[in-house]
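Quick one, what's the 3D model for this:
(4 chains)
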4 protein chains.
Amino acid sequence: MQTARLLIRCPDRPGIIGAVASFLHMNGANIIALDQHATENLEGDGHGEFLMRVEFQLLNHDLARETLLESFDALIAKQHDFDYRLSYAHERKKTALMVSKHDHALLELLWRWQRGQLPTDIAMVISNHPDLKEKVESFGVPYHHIPVTPDTKDEAEEELLSLVQGKVDLIVLARYMQILSPRVVQAFPQKIINIHHSFLPAFVGANPYRQAREKGVKLVGATAHYVTEALDQGPIIEQDVGRVSHRHSVSQLRELGRSIEREVLARAVRWHLEERIVVSGNRTVVFS
Amino acid sequence: MQTARLLIRCPDRPGIIGAVASFLHMNGANIIALDQHATENLEGDGHGEFLMRVEFQLLNHDLARETLLESFDALIAKQHDFDYRLSYAHERKKTALMVSKHDHALLELLWRWQRGQLPTDIAMVISNHPDLKEKVESFGVPYHHIPVTPDTKDEAEEELLSLVQGKVDLIVLARYMQILSPRVVQAFPQKIINIHHSFLPAFVGANPYRQAREKGVKLVGATAHYVTEALDQGPIIEQDVGRVSHRHSVSQLRELGRSIEREVLARAVRWHLEERIVVSGNRTVVFS
Amino acid sequence: MQTARLLIRCPDRPGIIGAVASFLHMNGANIIALDQHATENLEGDGHGEFLMRVEFQLLNHDLARETLLESFDALIAKQHDFDYRLSYAHERKKTALMVSKHDHALLELLWRWQRGQLPTDIAMVISNHPDLKEKVESFGVPYHHIPVTPDTKDEAEEELLSLVQGKVDLIVLARYMQILSPRVVQAFPQKIINIHHSFLPAFVGANPYRQAREKGVKLVGATAHYVTEALDQGPIIEQDVGRVSHRHSVSQLRELGRSIEREVLARAVRWHLEERIVVSGNRTVVFS
Amino acid sequence: MQTARLLIRCPDRPGIIGAVASFLHMNGANIIALDQHATENLEGDGHGEFLMRVEFQLLNHDLARETLLESFDALIAKQHDFDYRLSYAHERKKTALMVSKHDHALLELLWRWQRGQLPTDIAMVISNHPDLKEKVESFGVPYHHIPVTPDTKDEAEEELLSLVQGKVDLIVLARYMQILSPRVVQAFPQKIINIHHSFLPAFVGANPYRQAREKGVKLVGATAHYVTEALDQGPIIEQDVGRVSHRHSVSQLRELGRSIEREVLARAVRWHLEERIVVSGNRTVVFS
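Numbering: from 1, shown residues only, chains lettered A, B, ... in the order given. Okay, the predicted model is just below:
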């Protein structure tokens, strides 16, 4: 019995849930979870969007994906202007992790993956530093060291793209401290997740913990978001915060912040892998 | 355009979502939210339960409730062994609030209700003390003082029942410090909500803050639950906690606790009024 | 037996705690709480500041405040360059609350005050609207309506100052939607507390909930801060957040946000009244 | 310059802070943090206890520990009935970690220790299973496998005691699933920290996640506590919780719970190592 997920985005109008549920039922699929959301139209001009996630089991083993899609397209998707994707749980996504020197976010992902909590194949770790090679390889994951300097950035990205393009479905920046060029970002739309160590939109850019300390905020946070060409401006997937006070030294603040980063990034990556995230405008809807 | 909600509980089997969604669609209803859950079978003997909440708009004004229900019964409900209820958002539930002397939970509910955040008619406040009469009446709500002593408990409950039975749909114990007898509880199954000032099942019974202090816990909490005949054992609807330390005096701890009680109770009552809660065994599923 | 609090700010150097504790002990004071903090020097040029709060009981009833202060000045304060203030718990501060139309933050403060949880005399409520007059007066607190229009702003502030200057020790902006001019702000340095309905520095200015929704953040927050001439930039006293998702309608988001505002503002005001806050640079240290 | 910490417990009476602060000052010590607490007397018979933590720097390198203690004893400690201990930050405690099969809590401690966030020497890991040997040794820490069966429990504990007695200062049970006998517990009073995977006192004993699920609680938690002879009843050091709903499968609930366990245990261990915990009765005061 195969488990599949259907993610749908379309103009909001009546009857969509019924149409999709009936179609699946008639084609021998058993819906095990259905979630949906109609976005408000903040600008007030016309309709919002309708977003839906359906998880179902295919009882009919003979129903080929092509047949299902063809029929779905013809009967429903075109009629309702669906932007949709279908994925099967057994076809695991391939993931590349990127990191510079801080290992906390990377190790958290590797450790959860090793325990079976992240449904993906981690194809490789890529770093602009050699430092974490041994640790990564102890998980049985290949480590690629691609140094980046201002002069060699173009070649470095060339090498990066040759490693990942067509070979991985998701790139996770687990504290990778280089800014990716538009060329890389465009090659992986909504397929690069970054962890930023502040509660965005507060403290964009470098040294957010220091910015937070100087501002005297009473909570520090972390934000996982999709990478777009605008630095730290992409759709937010998940955020969390922890309470701090003057009693926190800088190192305690960083320690607390790292715990939050690890949790937030791990949640965001799992949701992406389980096809729980739809991007609508510059915001995400997470069917968690 | 009327908004209605359908809450369904039945044995878990394939096809239910599709059947219900199709039925509603064919009868001119536009589904605006659909949520469902299949309970695990913790004991492992046989199947779990399937729980579903559908919120929909009835475009066809002429479709009478009776017709809808008759048709729903005949076509779907019997076939799938549904235990279900249908309610219309414009038919507001009637609520009685009960309180002893502490006003914080009561005032929170009255205040939210006055602001339009609790979709109900607050029909009356009932108290075993006269203290809060003036405050309650300033909200335009009748106040009934029914004193309770060990000797007069039976008559007091008689009076209580004559006030509420057949007249209200929900009773909220907003820090009502008397234990209701089984007779009252049985008259309002899953229709009495209590706020207990601890994180249940820790600290059942009297003086939970004192118990918490003596045990030295680092978080204090509050629990909203349906009242059953077993003291503080009914299905939990909502809980929350706040952090405490040795720096909290008893009065600060109580102050913090009361803030939590107010939030937790208000959320639970709103969810009940919006038909978001299904009880399965001794647990709730909240489609929030 | 009188309870007094001493708040001290001075250049960080050895021996201060011992000197103060010994002085108090020798003068018949029993220290019941002592807390201190040495700020880091983020810029790295020279020393940080030393901040201290001492709460003590004066066993010697005859020791006049003047004598104590004179002696403290001569023996310790000058030598260590203390910026300090001494206050007695029984000399309650006088507070003015200011509000526009939203009553949630105002009522929270009035409730807590009525229950004895805010050690202050609430001298008056001032509003640019007449709407909340009846509610406020039911607490036995005078209500002053001072309309503000662009043309009359100067006169309105004149009237405001004539009400509060020399008459109250603290002004709390409990959702007062007018910007106070520098003249008013300068008359009450670190004595005006505002509640802003976002997690500052995110979403400065108008409509923070709308800004939050458009940005798609996963947590909404509130910030209590001292008012300075720069809008929403004053020293942060307290902050908190709550989790939101796409399931929150705008009104639910606002309802959640208001719960957070109420808590955050009430905590900040209590800390101020209990002399727990020291401002160092543009940050606060809260000895809670 | 040496950093030292003094933890004091004594009957509550006036003048203690002043006496200690003056003594330290006169002996060339610079106090960098001083925290104290007077416990309430919950039973109401007689006085509470006074607890104090002082962290100071010894400017006078020649002041031997013996001289300091002798003088402190003679001048202050005896007079005020102090139960106290003095420790130097540079004399790192030695720690043994014990684990069965679940690696999450153990790895968290090893990671933090490797990053320099836990000021201790991890002398060994002891397990009743061989499974985690390789992982532990990759951190450069010796692994001792001591199998435990009902028949061999006495000998196993003999072996355990021979490894740890006189050799380590702290034992951390990082999900060690055997119950230690009174003999072992008595050999390490307030020196064994356990992590229990529930919000104690709820769900004592085996399978707390299953208990939590059956009860239908809306938050799951973890508790770090000192081990006493009564199972899961020792003084609580730290607790935290996370929100769950019906949407959490058992494995997601366990995954969330483990994140909380890791955080809670790591905080408790750090506080113990930094001498921030005083036990008073069956409760802890944590000067964090």
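
So which residues of the stretch 151-288 of chain A form helices?
With DSSP state H, counting those that start in this stretch as the criterion, the stretch 151-288 of chain A has helices at A:153-164, A:182-187, A:208-215, A:250-273.

name the helices or strands packed onto the last one?
Helix A:250-273 is packed against strand A:93-99, helix A:104-114, strand A:170-173, strand A:192-196, helix A:208-215, strand A:219-226, strand A:236-243, with contacts defined by 3 or more C-beta pairs under 8 Å, 6 or more residues apart in numbering or on different chains; DSSP states H and E. Yep, even glycine has a C-beta here, placed from its N, CA and C like the rest.

just these: most buried one?
Highest mean neighbour count among the helices and strands packed on helix A:250-273 (mean count of other C-beta atoms under 10 Å in any protein chain shown): strand A:219-226, with a mean of 26.

Can I get that one as CSV, trimmed to CA atoms?
The C-alpha trace of strand A:219-226 is given here as CSV (Å, rounded to 0.1, in the frame of the first residue of the first chain):
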residue,chain,number,x,y,z
LEU,A,219,13.8,37.0,24.1
VAL,A,220,16.2,35.6,21.5
GLY,A,221,15.0,33.6,18.6
ALA,A,222,15.7,31.7,15.5
THR,A,223,14.0,31.6,12.1
ALA,A,224,14.0,28.9,9.4
HIS,A,225,13.1,30.3,6.0
TYR,A,226,13.3,29.5,2.3
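
Show me what that strand is packed up against.
strand A:192-196, strand A:236-243, helix A:250-273, strand C:236-243.

As TSV, those with mean pLDDT would be great.
Below are those laid out as TSV (pLDDT from 0 to 100):
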stretch	mean pLDDT
strand A:192-196	98
strand A:236-243	97
helix A:250-273	94
strand C:236-243	97
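
Put together JSON lines for those, with distance to D:Ile277 on each row.
Shown next, in JSON lines, are these (distance: least, C-beta to C-beta, whole Å):
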{"stretch": "strand A:192-196", "distance to D:Ile277": "33"}
{"stretch": "strand A:236-243", "distance to D:Ile277": "20"}
{"stretch": "helix A:250-273", "distance to D:Ile277": "17"}
{"stretch": "strand C:236-243", "distance to D:Ile277": "27"}
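
Could you measure from A:Arg270 over to B:Glu55?
Distance of A:Arg270 to B:Glu55, given as C-beta to C-beta, to the nearest Å: 28 Å.

Give me the contact list for the helix or strand containing A:Phe50.
If you go by DSSP states H and E, A:Phe50 is part of strand A:49-58. Applying C-beta atoms under 8 Å, 6 or more residues apart in numbering or on different chains, the set of residues contacting strand A:49-58 from outside is A:1-13, A:16-17, A:20-21, A:24, A:28-39, A:275-276, A:278, A:280, A:285, A:287.

Residue ranges of each domain in chain A, please.
Listed domain ranges for chain A are A:2-88, A:93-286 (source: automatic domain parsing).

Buried deepest among these, which one?
By mean count of other C-beta under 10 Å, the domains of chain A have domain A:93-286 as the most buried, with a mean of 19.

hmm, back to that, ranking the helices and strands packed on helix A:250-273 by mean pLDDT, which is last?
Note on the helices and strands packed on helix A:250-273: lowest mean pLDDT is at helix A:208-215, with a mean of 88.

ok and that one relative to strand C:236-243, angle-wise?
Per axes from the mean of the first three to the mean of the last three C-alpha atoms, to 10 degrees, the angle that helix A:208-215 makes with strand C:236-243 is 130 degrees.

can I have helix A:208-215 written out in CSV, keeping just the CAs?
Extracted in CSV, the C-alpha atoms of helix A:208-215 (Å, rounded to 0.1, in the frame of the first residue of the first chain):
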residue,chain,number,x,y,z
PRO,A,208,22.2,38.9,15.2
TYR,A,209,23.0,37.8,18.8
ARG,A,210,25.2,40.8,19.2
GLN,A,211,22.4,43.0,17.7
ALA,A,212,19.9,41.4,20.1
ARG,A,213,22.2,42.1,23.1
GLU,A,214,22.8,45.7,22.1
LYS,A,215,19.1,46.3,21.7
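
what's the spacing between the closest residue in space to A:Asp232 that isn't next to it in sequence and A:Ala222?
Ranked by C-beta to C-beta, 6 or more residues apart in numbering or on different chains and with sequence neighbours excluded, the top spatial neighbour of A:Asp232 is A:Val204, at 4.5 Å. For A:Val204, the distance to A:Ala222 equals 14 Å [C-beta to C-beta].
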